[in-house]
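K.L.:
When you get a sec, could you give me coordinates for this:
(one chain, ligands or ions: 1)
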Amino acid sequence: MFRFMIHNRVPATMKYNLNEVTAGKEKTSTYAALVKLLDMISDEKKNLWMALAAILVNSTLLLLGPLIVGHTIDNYVRTKQYHGVLVYAGILLAMYLLALCTGYFQTKLMGGVGQRMLYKLRNAVFNKLQELPVSFFNQNKAGDLISRVNNDTDKLNQFFSQSLMQFVGSIVTMTGAGVCLLVIHTELGAAALVPAVIILVFTMLVSPWVKAKNALNLKSTGGMSAEIQESLNNFKVIIAFNRRDYFRKRFDEANQHNYKTAIGAGLANNVFIPVYGLLSSLAQLIVLAFGIYLISKGQFTIGLLVSYFSYTTNFYNPLRQLAALWSSFQVAMAGWDRISQILTLETDLEQQPAGLQSDSGTVLEFKDVHFAYTPENEILHHISFKLEKGKTYALIGPTGGGKTTTASLIARLYDPTQGTVFLNGRDIRTYTAEERTQKIGFILQEPFLFSGTVRENIIYGNAQYKDFTNAELEEVIRKAKLSDLLSLFETGLDTPVISGSDSISLGQKQLIAFMRAVLRNPDVLILDEATANIDTITEKLLSTILEQLSKDTVLVIIAHRLNTIENADEIFFVNSGEVQRAGTLQHAMDMLLTDKRKS
Ligand SMILES: Nc1ncnc2c1ncn2[C@@H]1O[C@H](COP(=O)(O)OP(=O)(O)OP(=O)(O)O)[C@@H](O)[C@H]1O
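P.N.:
Numbering: from 1, shown residues only. Predicted coordinates:
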């Protein structure tokens, strides 16, 4: 009997492929991206304001310079009052020294802001990765993700620590110089600013192309990193099959693609500099010609023209600098797009506030469950079964039949596309991740261990023992009847483990994963081929330990070797997306044989 409560179905085959997301999704506007980014550094407001104040002082000092020079020429140089010239030269020197100090101050401040932002961004991306479900990692390559965490975040740091304030400073200086140009002589100012309008239009037209070129380059850097990661992970297979050439070729292709996209991005990033240079020279020519004409008409002084020339330089030099900064901004924005793709993803395995309930009284139940990794290929159809307290179940069946998939649904590594999995009568989706992992132990075919010691790997997932001394932990292990397993490790709890290496055998890794899972005293313990790499004597030891497990624990054993499931209370035959009761071991063997003959 099922009572309907609130049924929030989330799409089980959510799109997590970051490279596909990019293709389908509209690009974020630069403004929207910038607002989101500034939001990330909102707690740096004080530093940003101080840096901005320093920039304003700096730009004001730079803008006062030409006025003072013009004033000195017209009032002291032309009248040969050299005392006045010296005084103003001293004032100018003091101003430029002050500008140097404010410049240094803001660089230091922004360097700190950039590094803190990098730190926060990397944390945010990494934390997000921790929240995402297994499907996300199925659909993305680790190398590409590493590149996003390391490389793309650094592009943003470079922009923030090196370019942002130069960017603001350039805009402030430019605006001030532009105002001075127009105030001193409106027509001459307007003429001097015509090339700037052309630059603006050019920049607006070309920027999306520059950003796209940079995005392509970052993507191919991610692809190259994925390639390196894949061959490093599989180096033994590569050497064993002598496929070095194959991987060398694949890497060479990825490297070449990266080289080409880097050239494309470099060209795109440099397109602004010559155009800005040309147009700023044009502006100077206009000022010179028009200015001399005005002097000849008696409407302008030489001193004013010198000041005017300086202001034109003060307007166009920062503009030229902006060309380079604008490219670095486009790189940062392309990096930010790739980072925010991760940050905006949501897990489809969230805890549901309420769900269906079952009063079948079983520990675990599948009720008409369907599952598909991809929408076009359903792996499990109409699966219903119940697992009762204290019993041992075996899942057998041909390779690719769906055993691991069924076990993954029991542990809620995925949600069914249809139907419901119940744990102790409650929709499994209503448990928190902590509650669920406490109740369900899963020993994978290739267990995950991280670098450290046996002790550290056992405590991982058993945090209640983290402050125990070795002697206390050994006592806990003894009570759980696991001492015989621990004694198989030469230096016991202190035996070193190196993740991804062969410092200990696969069988030993499975033993550690086994101790880790059993110590949690789970309601359901799944062993996916967990004894495949263990010798027969240790396997006997394991089965004795399994017999001594808490009377309430449900054991789900996935095995190819039928002798490992002799003592199962019930055997399920999993094939072609169906889970059938196989009855006796003999019947299960017959089903396997018939299936083999058919195929
Ligand atoms: N992450 C995945 N993405 C897409 N398809 C998958 C994924 N994992 C498994 N499959 C597919 O699901 C089907 C069932 O695989 P599953 O691993 O559950 O079989 P199995 O019975 O455990 O096989 P084995 O005995 O070889 O471990 C297979 O066709 C497999 O290709």
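K.L.:
Please make it C-alpha for all contacts and neighbour counts, starting now.
P.N.:
Fine.
K.L.:
where along the stretch 351-500 of the chain do the helices fall?
P.N.:
403-410, 433-439, 454-459, 470-479, 483-486 (DSSP state H, counting those that start in this stretch).
K.L.:
out of these, nearest to the ligand?
P.N.:
Nearest to the ligand among the helices of the stretch 351-500 of the chain is helix 403-410; the distance by C-alpha to the nearest ligand atom comes to 3.6 Å.
K.L.:
For residue 245, find the nearest of the helices of the stretch 351-500 of the chain.
P.N.:
helix 403-410 (33.8 Å; C-alpha to C-alpha).
K.L.:
tell me what that closest one is packed against?
P.N.:
When contacts are defined as 3 or more C-alpha pairs under 8 Å, 6 or more residues apart in numbering; DSSP states H and E, helix 403-410 packs onto strand 524-528.
K.L.:
Extract the CA atoms of stretch 234-245 and return them as PDB.
P.N.:
Output in PDB follows, covering the C-alpha atoms of stretch 234-245 (Å, rounded to 0.1, in the frame of the first residue of the first chain):
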ATOM      1  CA  ASN A 234      46.200   4.500 -17.900                       C
ATOM      2  CA  PHE A 235      50.000   4.500 -18.300                       C
ATOM      3  CA  LYS A 236      50.200   0.800 -17.400                       C
ATOM      4  CA  VAL A 237      47.800  -0.300 -20.100                       C
ATOM      5  CA  ILE A 238      49.600   2.000 -22.600                       C
ATOM      6  CA  ILE A 239      52.900   0.300 -21.800                       C
ATOM      7  CA  ALA A 240      51.500  -3.200 -21.600                       C
ATOM      8  CA  PHE A 241      49.800  -2.900 -25.000                       C
ATOM      9  CA  ASN A 242      52.700  -0.900 -26.400                       C
ATOM     10  CA  ARG A 243      50.200   1.900 -27.400                       C
ATOM     11  CA  ARG A 244      52.600   4.700 -26.700                       C
ATOM     12  CA  ASP A 245      52.500   5.800 -30.400                       C
END
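K.L.:
just checking, residue 570 touches residue 393?
P.N.:
Yes. Residue 570 is within contact range of residue 393, at 5.0 Å (criterion: C-alpha atoms under 8 Å).
K.L.:
Output the helices of the stretch 351-500 of the chain as a markdown table; include the columns mean pLDDT.
P.N.:
As requested, the helices of the stretch 351-500 of the chain are exported to a markdown table (pLDDT from 0 to 100):
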| stretch | mean pLDDT |
| --- | --- |
| helix 403-410 | 91 |
| helix 433-439 | 84 |
| helix 454-459 | 88 |
| helix 470-479 | 91 |
| helix 483-486 | 87 |
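K.L.:
Distance to the ligand and mean neighbour count added to those, as JSON lines?
P.N.:
As requested, the helices of the stretch 351-500 of the chain are exported to JSON lines (distance: least, C-alpha to the nearest ligand atom, whole Å; neighbours: other C-alpha atoms under 10 Å):
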{"stretch": "helix 403-410", "distance to the ligand": "4", "mean neighbour count": "21"}
{"stretch": "helix 433-439", "distance to the ligand": "20", "mean neighbour count": "15"}
{"stretch": "helix 454-459", "distance to the ligand": "25", "mean neighbour count": "22"}
{"stretch": "helix 470-479", "distance to the ligand": "30", "mean neighbour count": "15"}
{"stretch": "helix 483-486", "distance to the ligand": "26", "mean neighbour count": "18"}
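K.L.:
Just tell me which of those ends up closest to residue 254.
P.N.:
helix 403-410 (33.0 Å).
K.L.:
tell me the angle the closest one makes with strand 524-528.
P.N.:
160 degrees (axes from the mean of the first three to the mean of the last three C-alpha atoms, to 10 degrees).
K.L.:
Find out how far helix 403-410 is from the centre of the chain, if you would.
P.N.:
Distance of helix 403-410 from its chain centroid, counting by C-alpha atoms, centre = their mean, to the nearest Å, is 27 Å.
K.L.:
what does stretch 134-149 give?
P.N.:
Worked out by C-alpha atoms, centre = their mean, stretch 134-149 lies 8 Å from the chain centre.
K.L.:
Do that stretch and the ligand come into contact?
P.N.:
Yes. Using C-alpha under 6 Å from any ligand atom, stretch 134-149 reaches the ligand at residue 138.
K.L.:
CA atoms only for that stretch, dumped as PDB, please.
P.N.:
In PDB, the C-alpha atoms belonging to stretch 134-149 read as follows (Å, rounded to 0.1, in the frame of the first residue of the first chain):
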ATOM      1  CA  VAL A 134      28.100  10.900 -10.100                       C
ATOM      2  CA  SER A 135      26.400  11.700 -13.400                       C
ATOM      3  CA  PHE A 136      28.300  14.900 -13.600                       C
ATOM      4  CA  PHE A 137      31.600  13.100 -13.300                       C
ATOM      5  CA  ASN A 138      30.500  10.500 -15.800                       C
ATOM      6  CA  GLN A 139      29.900  13.200 -18.400                       C
ATOM      7  CA  ASN A 140      33.000  15.400 -17.900                       C
ATOM      8  CA  LYS A 141      36.700  14.600 -18.100                       C
ATOM      9  CA  ALA A 142      38.800  15.200 -14.900                       C
ATOM     10  CA  GLY A 143      41.500  16.900 -16.900                       C
ATOM     11  CA  ASP A 144      39.100  19.500 -18.200                       C
ATOM     12  CA  LEU A 145      37.800  20.100 -14.700                       C
ATOM     13  CA  ILE A 146      41.300  20.500 -13.300                       C
ATOM     14  CA  SER A 147      42.000  23.100 -16.100                       C
ATOM     15  CA  ARG A 148      38.900  25.000 -15.000                       C
ATOM     16  CA  VAL A 149      39.900  25.000 -11.300                       C
END
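K.L.:
picking that back up, among the helices of the stretch 351-500 of the chain, which is nearest residue 67?
P.N.:
helix 433-439 (68.0 Å).
K.L.:
Show me the contact partners of the closest one.
P.N.:
351, 411, 428, 520-524 (C-alpha atoms under 8 Å, 6 or more residues apart in numbering).
K.L.:
can you list those residues in TSV and add distance to residue 594?
P.N.:
Putting the contacts of helix 433-439 into TSV (distance: C-alpha to C-alpha, whole Å) gives the following:
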residue	distance to residue 594
351	42
411	30
428	35
520	39
521	38
522	36
523	34
524	31
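K.L.:
among these, which ones are buried?
P.N.:
411, 428, 520-524 (16 or more other C-alpha atoms under 10 Å).
K.L.:
Next step: those residues restricted to strands.
P.N.:
Assigned to strands by DSSP state E, the following of the buried ones among the contacts of helix 433-439 qualify: residue 524.
K.L.:
Just give me the closest of the buried ones among the contacts of helix 433-439 to the ligand.
P.N.:
Once C-alpha to the nearest ligand atom is applied, the member of the buried ones among the contacts of helix 433-439 that ends up nearest the ligand is residue 411, at 13.2 Å.
K.L.:
Over to the closest one: give its phi and psi.
P.N.:
When read as degrees, to the nearest 10, the backbone of residue 411 gives phi -90, psi 0.
K.L.:
List, one by one, the residues from the stretch 101-250 of the chain near the ligand.
P.N.:
Counting by C-alpha under 6 Å from any ligand atom, the stretch 101-250 of the chain sits next to the ligand at residue 138.
K.L.:
Helices of the stretch 101-250 of the chain, start to end?
P.N.:
Under DSSP H, counting those that start in this stretch, the stretch 101-250 of the chain gives helices at 134-139, 142-147, 153-158, 164-184, 186-233, 235-240, 244-270.
K.L.:
most tightly surrounded among the ones you listed?
P.N.:
helix 153-158 (a mean of 23; mean count of other C-alpha atoms under 10 Å).
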